[in-house]
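*Asks:* everything below, folded, please.
(2 chains)
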Amino acid sequence: MIQPAPPRWLERMLLCCLPARDRETISGDLLEEYREEQLPRLGAMRANLWYLRQSISFLAVRSVQGPPMKAALTCVSVFTAAAGVWLALMEHILKHAGYGERTAIAACIAIQGLATLLLLLLDGRFVFRAVVLMGAVGVALLGASAIKRILGAPHFEGFVLLIGSALIVQGVLTLLFVLQTRPARTP
Amino acid sequence: MAELLGAFEQAILLAVWNLAEDAYGRAVLRGAQSSLDRQVAAGAVYATLDRLEQKNLIASRLAKGTPARAGRVRRYYRLTATGIKALNQSKAALEQVWQGAKWPLESKA
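*Replies:* Okay, the predicted model is just below:
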């Protein structure tokens, strides 16, 4: 007989949020609780929501665990990813001259923020770490050039200064993080 | 005197103590929820267990899984001598702080 289980993507998401040492034990505990307690009591949909909530709790814990530098990099990456999405949307909506190029740059900022978050969560392998590191250098240079331009411009735009500074901080912290941690090993 | 434990850490350690041989992750989670009388996120409980193990207040061992958990192994916890000492010290410190105060406190106004 096939035993009920949470959706596969939810289980995969949970496994991504767990440290390698506890993947089997914690996912087993949650599966046991899901089958024996939550599913009979709440039904499939609410039991899946319960499982999702537990997975997110591991994600939250993992994001703030470790050295303060990791927490700071998480915060700044969430900010730059959100800022990149916001900038891309605004450029796309307003469609000022040269918006296509600026939308692409904003999308790169968002992708770099998301890639850094993935690196923090999944302890990526060598190639991914190298790509994120190159991206971090790129966005840091982009941030520096944006700040330089805005300081010399007749109209001061505070949000450019804020996002530019965040990109520089993200670049520096990513560099330190990649140099201080070892890449994950291939199983 | 060792570092005093927070209320959440004490609840986790007491759950491990009360469960004795049956103290594996899920049971500790339920024990902590019952003693704190509220829903507790699994992430917070396992992170605390991990931290307590790093502080050498608890130790763990792996045991065979059951069909209900698709055969995945269980991690059982037990209090170490250091853990028992830390719990005793935390309780004693709390009692010392409250000594002489009439409980429950009432407003002086």
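*Asks:* relative to residue A:11, how far out is residue B:7?
*Replies:* To residue A:11, residue B:7 is 32 Å away according to CB to CB, to the nearest Å. Yep, even glycine has a C-beta here, placed from its N, CA and C like the rest.
*Asks:* can you pick out the residue with more neighbours from these two?
*Replies:* Remark: of residue B:7 and residue A:11, residue A:11 carries more neighbours, 17 against 11, as counted by other CB atoms under 10 Å in any protein chain shown.
*Asks:* what about that one, which helix or strand?
*Replies:* Element membership for residue A:11, per DSSP states H and E: helix A:8-17.
*Asks:* that helix: how far from the chain's middle?
*Replies:* Relative to its chain's centre, helix A:8-17 lies at 16 Å (CA atoms, centre = their mean, to the nearest Å).
*Asks:* after that helix, which helix or strand is next?
*Replies:* Next helix or strand after helix A:8-17 toward the C-terminus (DSSP H and E): helix A:23-33.
*Asks:* what's the first helix or strand after whichever strand or helix holds residue A:78?
*Replies:* Element membership of residue A:78, judged by DSSP H and E, is helix A:68-94. Next along the chain after helix A:68-94, taking DSSP H and E as the criterion, comes helix A:99-122.
*Asks:* quickly check: that following helix near chain B or not.
*Replies:* No: contact of helix A:99-122 with chain B (CB under 8 Å from any CB of the partner chain) is absent, the minimum separation being 13.2 Å.
*Asks:* report the buried residues of the helix or strand just after that helix.
*Replies:* Following helix A:99-122 in sequence order, the next helix or strand is helix A:126-152 (DSSP H and E). Buried residues in helix A:126-152, counted by 16 or more other CB atoms under 10 Å in any protein chain shown: A:128-129, A:132-133, A:135-136, A:139-140, A:142-143, A:146-147, A:150.
*Asks:* okay if I get the residues you listed as CSV plus pLDDT?
*Replies:* As requested, the buried residues of helix A:126-152 are exported to CSV (pLDDT from 0 to 100):
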residue, pLDDT
A:128, 80
A:129, 83
A:132, 87
A:133, 86
A:135, 90
A:136, 89
A:139, 88
A:140, 90
A:142, 89
A:143, 89
A:146, 88
A:147, 88
A:150, 84
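*Asks:* and the longest helix belonging to chain B, what's its mean pLDDT?
*Replies:* Scanning chain B for the helix with the most residues, using DSSP state H, yields helix B:81-98. The average pLDDT for helix B:81-98 rounds to 94.
*Asks:* and it, what does it pack onto?
*Replies:* helix B:7-19 (3 or more CB pairs under 8 Å, 6 or more residues apart in numbering or on different chains; DSSP states H and E).
*Asks:* OK, contacts around residue B:56?
*Replies:* Taking CB atoms under 8 Å, 6 or more residues apart in numbering or on different chains, we find residue B:56 in contact with B:80, B:82, B:83.
*Asks:* name the SS class of it, please.
*Replies:* Recorded secondary structure, residue B:56: coil (DSSP: H, G, I helix; E, B strand; the rest coil).
*Asks:* distance of it from chain A?
*Replies:* Distance of residue B:56 to chain A, given as CB to the nearest CB, to the nearest Å: 17 Å.
*Asks:* where does that residue fall, phi/psi-wise?
*Replies:* With angles defined as degrees, to the nearest 10, residue B:56 sits at phi 70, psi 30.
*Asks:* quick one: pLDDT of the residue most central in space within chain A?
*Replies:* Nearest to the geometric centre of chain A sits residue A:117, at 2.6 Å (CA atoms, centre = their mean). Turning to residue A:117, the model gives it a pLDDT of 86.
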